[in-house]
Every structure is written in C-alpha cells, then in structure tokens.
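# task: produce atomic coordinates for the following.
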Amino acid sequence: MISDVVVVTVAALPVAVLVVWALARRRGGSGPAWRQSLAEVGVVYGTAPWIWMILTPGPGDDVRVNVVPLRDLADVLSGGVWTATVQIVGNLLVFAALGFFGPIRFAALGSVLRMLALAAGLSVLVEVAQYVLRLGRVSSVDDVLLNAAGAGLAVLLSRRWVTHGRAT
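Have a look, this model is predicted:
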C-alpha cells in the first residue's frame, strides 16, 4: 500500500510541475504568479498522498478509537526505533505541506495558532472518516496532535519565504 502511494506520488511530480507552470503562465508569469501557483499545487501535491494513504483500508478489521492523549504514542515508541520513526515522522508530514505552503498563498494562515487549529480540525475529520468508514485503523487523538504539530512546525519553516515574498 505505502509503495503504491509512493510510486503514484513520484510519477505525478512531472504533472504537478506542469500544473504550476500552466497556472503561473495563465496568471501572467510574474514572481507573485509563480509563488501563488507553486503554493497552491504544493498544498495539494504534498497533502493528497498522505490523506490517500490514511484513508485506505488497514491490515486488520479492528476499528478502535483512542481519546487518551499520548497512549498510542507510548505504544508506538515501545514498538522499536524503526516503527516509532515511521509513525511519528509520517504523522508530522500529513499536513506539513499545508503548513508550509498555506501561508505563502493565504497570509491569514501565517499564524502558528491558526495553522494548528486548521490542521487539528482537518485531522479530526480524517480520524472520524477512518472510524466511520471502518477502515481497520486506529482513530487516535495522538494522530491529531502529531498532524497539527507537523503543520505548525512547517509554518515556522516557511516564515522566511513568506516574509521575503511580501517584501518584494
């Protein structure tokens, strides 16, 4: 499953680049047109594969909900270094593209608190969808916390680019 998502994501990169080019050209091809186009495509290209992966059926039929903060994180950490790294980094990356590119496109998303709230809300929707669709996955508050944290950290990483774009 993960390999399918990775293959399709890599294969879609030339299409994403072409879409950025077409959008920028349609908008006049100036610097702001390129930034806006890259930001819009970046949000979609960087978020859609993670959502696709999250909303594909899991390996089991077990449907669980965990609303106790840090319980699943403790389980993941006890599962070994590789498992912990993949789970934690993967969850941090789910809305990282939104956190990075969102403020470049929409100035109102430049606030870390706003981005944390948006990413947490979107993450809750994804976790509820996992449960309602009975995908054999655990719906966990820890996933929401990590997804939001990844978006918040990405906002901080994009600050220099956002500030630079506004100064020109």
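# C-alpha from now on. contacts and neighbour counts both.
Noted.
# P59 reaches R134, doesn't it?
No - contact criterion Cα atoms under 8 Å: P59 and R134 do not qualify, at 11.8 Å.
# so between these two, which is more surrounded?
R134 (17 against 10; other Cα atoms under 10 Å).
# name the SS class of that one, please.
Here R134 is coil, with the state taken from DSSP: H, G, I helix; E, B strand; the rest coil.
# that one contacts R64, doesn't it?
No - if you go by Cα under 8 Å, R134 and R64 don't touch, sitting 9.2 Å apart.
# show me where this structure has its helices.
In the chain, the segments counted as helices under DSSP state H are 2-26, 31-54, 71-78, 81-93, 96-105, 112-132, 141-167.
# show me what the first one is packed against.
The one in question is helix 2-26. Helix 2-26 makes packing contacts with helix 31-54 when contacts are defined by 3 or more Cα pairs under 8 Å, 6 or more residues apart in numbering; DSSP states H and E.
# pull out the buried positions in the helix it packs on.
Going by neighbour count (16 or more other Cα atoms under 10 Å), the buried part of helix 31-54 is 32-43, 45-50, 53-54.
# how many degrees apart are that helix and helix 141-167 in direction?
Using axes from the mean of the first three to the mean of the last three Cα atoms, to 10 degrees, the direction of helix 31-54 lies 170 degrees away from that of helix 141-167.
# give me the residues contacting helix 31-54.
Here helix 31-54 makes contact (Cα atoms under 8 Å, 6 or more residues apart in numbering) with 1-2, 5-6, 9, 16, 19-21, 23-25, 27, 93-98, 101-102, 104-105, 126, 130, 165.
# again, only this time at 6 Å
20, 23-24, 27, 94-95, 97-98, 101, 105 (Cα atoms under 6 Å, 6 or more residues apart in numbering).
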